[in-house]
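In: Following is a predicted model, sequence given first.
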Amino acid sequence: MHILYLVNALDSPPGVLLDEAARTGASATQIDTVNGRDMGSGDARGVPEAADGFDALVVLGGVMGVYEADRYSFIEESKRLVRRFHETEKPVMGVCLGSQIVASAFGAPVYKMSEKLEADEEWGFVPQTWEAAAASDKLLHDAAPGLRTMHWHGDTFDLPDGVTRLATRDICPNQAFRLGERTYAFQFHLEVTREILDGWTNLRAKALDLPRAEIEKLIEPQIEASLAAQEDFARRTMRRWMALA
């Protein structure tokens, strides 16, 4: 099995989603979409126009918004590729920005949370409420109630027509959905590892102009309490998603 990963920020790599795929013997191509290069060879390479040569697609997170397509050409290219994979019935997984790209690819608006919701962002490990449809979903049927998953986003999306919502939260209702049988979108960060989170602690401290220690006080207890359970969930979800191919 050969999986294509669209990496939209170098500080948001595939993490667990790549490691679990490798454990099962899958091969991977990672494309740095912002800089247009193959992360394995270093050669220039943009977002492919078609799904040929790949069995599945993972679209990862990034700091940009889907509504910034005029600044980031890869956004429209990624939306087109998502539709190509979906049309050929190859599995798609969108994570954070990737979930927003999937939603937009099928006609739903993406916008800042503050435009419609009573919050500017979601950050940290926060509990999910699984919708009734998740109980019969091939990936999520045994997801733990109230599972805490990692978030860091200030954008959200409306649901495209014809999707099945799988998870929700009061503060940001559209947390996960499925379109058809093989296209999934997760607003939360399934991919995170301890190493990724350590880097994000630095980034958040810098963004808020705070000492790292202040961010650590907030996130470290959450990591200790929640990361292991999320990682188990992410690995199980990844294996089941791969099996859809």
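Out: Done, it's in. Numbering: from 1, shown residues only.
In: how close does the residue with the largest distance to the centre of the chain sit to residue 97?
Out: What lies farthest from the middle of the chain is residue 211; by CA atoms, centre = their mean that is 27.7 Å. To residue 97, residue 211 is 28 Å away according to CB to CB, to the nearest Å. C-beta here means a position set from N, CA and C on the backbone, and glycine is covered the same way.
In: which residues touch the worst-scoring helix or strand of the chain on mean pLDDT?
Out: Lowest by mean pLDDT, DSSP states H and E among the helices and strands of the chain is helix 113-116, with a mean of 95. With contact meaning CB atoms under 8 Å, 6 or more residues apart in numbering, helix 113-116 is reached by 119-122, 153-156, 172.
In: would a markdown table of the residues you listed with secondary structure, pLDDT and neighbour count be doable?
Out: As requested, those are exported to a markdown table (DSSP: H, G, I helix; E, B strand; the rest coil; pLDDT from 0 to 100; neighbours: other CB atoms under 10 Å):
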| residue | secondary structure | pLDDT | neighbour count |
| --- | --- | --- | --- |
| 119 | coil | 92 | 13 |
| 120 | coil | 95 | 10 |
| 121 | coil | 96 | 16 |
| 122 | strand | 97 | 21 |
| 153 | strand | 97 | 21 |
| 154 | coil | 97 | 14 |
| 155 | strand | 98 | 21 |
| 156 | strand | 97 | 26 |
| 172 | coil | 97 | 22 |
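In: Tell me the one among those residues nearest to residue 61.
Out: When the contacts of helix 113-116 are compared for distance to residue 61 (CB to CB), residue 153 wins out at 7.8 Å.
In: Distance of the closest one relative to residue 44?
Out: Going from residue 153 to residue 44 by CB to CB gives 30 Å.
In: if we can go back for a sec, the closest residue to the residue farthest from the centre of the chain other than its chain neighbours: what's it in contact with?
Out: Spatially, and ignoring its direct neighbours in sequence, residue 211 is nearest to residue 205 (6.5 Å; CB to CB, 6 or more residues apart in numbering). Shown in contact with residue 205 (CB under 8 Å, 6+ apart): 211-212, 214-215.
In: pLDDT score for residue 118?
Out: Residue 118 carries a pLDDT score of 88 in this model.
In: pretty sure it is touching residue 170, no?
Out: No - contact criterion CB atoms under 8 Å: residue 118 and residue 170 do not qualify, at 9.4 Å.
In: what residues are up against the residue nearest to residue 147 when sequence neighbours are not counted?
Out: Spatial nearest neighbour of residue 147, excluding adjacent residues (CB to CB, 6+ apart): residue 128 at 5.3 Å. Residues in contact with residue 128 (CB under 8 Å, 6+ apart) are 143, 146-149, 167-169, 175-176, 188.
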